[in-house]
Every structure is written in structure tokens, then in C-alpha cells.
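Participant: Just need the structure, nothing else, for what follows:
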Amino acid sequence: MCTGKCARFLGLSLLPMSLICIIANVLLFFPNAKVVSTDHITLQVWLMGGILGGGLLVLCPSCAAIRAGGKGCCGAGCCGNRCRMLRSVFSSIFGALGGFYCLAVAGTGLSDGPLCLMNGKWRYHFKSLNESYLFNKTSWNDCEEPKNIVLWNIVLFSMLLGFGALEFVLCAIQIVNGLMGVLCGDCRKKNKNDG
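Facilitator: Next up is the predicted model:
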């Protein structure tokens, strides 16, 4: 596959993923689609792995990769697309870091579990358990408030975990692809009108 076409494909794949990460993180601020006190939202939600890491830091390399995969400028000479590829490499490094940040925060969020009301106290009930709460559905009912918070957190943090990992891999592929594009150029043929 041509480095330009590959960059465009990777950029177009990263774009919806970054937007989904932003939406998933925003939804985590509203457990069970309700407004709660800011003291009752977990630390991992406040770290904004989906908004900053998987969202904004991946949105930039997505746009850079789409631009690098676009048609070359007339009269830009042999440097035209190589400069865009180089920009997409630097941008993808930040995107890979953002994807990894999203992955780490979401993994910690899944591991610690939600902050919920139990026996009159707001705490991380599942953090102190000896076994994983993820597969023990009967323990999910121990949280009195907010209702269905465990399922809400599991679904949204799992989405962030999966998309963060995928973004990391795709940005790493774009780094290699972009370096190939810088060194070898783009395989697209020059039009007669390009001069």
C-alpha cells in the first residue's frame, strides 16, 4: 500500500475513535445519565484520559495523517508530501502518547472500580476486594448510589481502554509509515499538470 494512502486510511480511522473517546469520557461525568456532586466522581474520570489523551492528542495526528495522505500540491516539488509526512510523524508521536495515557487511565479506572455510596459512605468499595469485581455481578448491587454505576463505568472505561490501545497501535503504525514516506517518498504518480 502506498504511504500516502496508508496515512489517509490511518487518519480517517483515528478521527472517529478520538471523538468516541471524548464522548465516553464526558459521559463518565454523568453516572447513569444523571448529574452528581463533583466529590462523587472518580479520580480517573477527572484525569480525562478520554478527553485529553484519546481525544485531543489523537485528533491532531488524525488530521495530520489525513493531510499527509491527501493529494500533493501543484508546484510543491519533491518536498511537498515529504514535509507533510514528517509533520504527521511528529504529530503521531504525541498521538501514541495520548493513546497510551488513555489506556493507562482507563485500565486503572477499571481496576479500582467506581466511587459509590455503600453503608452511608462514599468510597471505592471494589478496590479493597481480594477478587476482581468485573466478573462478580452480585457485588455490583452493593453500590446504593448512583444506580447502575458499576455497569456504567465498566462499559465506558472498557471503550476507552480498547480505543486507547487501538489508537496507540495506529499512531505507532503511522510513525513507521510516515518515516517511510519521508525517506522513500510517496508512490503516487505525478500528474502532467504538476509540472
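
Participant: quick one, phi/psi of Leu59?
Facilitator: Backbone torsions of Leu59, given as degrees, to the nearest 10, read phi -60, psi -40.

Participant: pretty sure it is touching Pro16, no?
Facilitator: No. The pair Leu59 and Pro16 fails to qualify as a contact (C-beta atoms under 8 Å) at a distance of 10.6 Å. Quick note: C-beta positions are derived from backbone N, CA and C, even for glycine.

Participant: Comparing the two, which shows the higher neighbour count?
Facilitator: Taking neighbours as other C-beta atoms under 10 Å, Leu59 and Pro16 compare with Leu59 leading, 20 against 11.

Participant: which residue packs closest to the more buried one, ignoring adjacent ones?
Facilitator: Among residues not flanking Leu59 along the chain, Ser18 sits closest, at 4.5 Å (C-beta to C-beta, 6 or more residues apart in numbering).

Participant: tell me the contacts of that neighbour?
Facilitator: By C-beta atoms under 8 Å, 6 or more residues apart in numbering, the contact set of Ser18 is Gly54, Gly55, Leu56, Val58, Leu59, Ser62, Glu167.

Participant: Which one of those is nearest to Ile22?
Facilitator: Gly55 (3.8 Å; C-beta to C-beta).

Participant: where do the helices sit along this protein?
Facilitator: For the chain, the helices defined by DSSP state H occupy 3-28, 43-46, 57-68, 80-112, 149-184.

Participant: for the third one, what is the average pLDDT?
Facilitator: If I follow you right, that is helix 57-68. Helix 57-68 shows a mean pLDDT of 89.

Participant: one step back: of all the helices of the chain, which lies closest to Gly120?
Facilitator: helix 149-184 (16.3 Å).

Participant: Need the winner for burial among the helices of the chain.
Facilitator: helix 57-68 (a mean of 25; mean count of other C-beta atoms under 10 Å).

Participant: Quick check: which helices or strands does that helix pack against?
Facilitator: When contacts are defined as 3 or more C-beta pairs under 8 Å, 6 or more residues apart in numbering; DSSP states H and E, helix 57-68 sits against helix 3-28, helix 80-112, helix 149-184.

Participant: distance of Ile66 from Phe90?
Facilitator: 15 Å (C-beta to C-beta, to the nearest Å).

Participant: May I have the phi/psi pair for Trp129?
Facilitator: Let me fix one detail, which is that residue 129 is Leu and not Trp. phi -70, psi 150.

Participant: Then the one 4 residues further on?
Facilitator: Here is the backbone geometry of Tyr133 (degrees, to the nearest 10): phi -80, psi -10.
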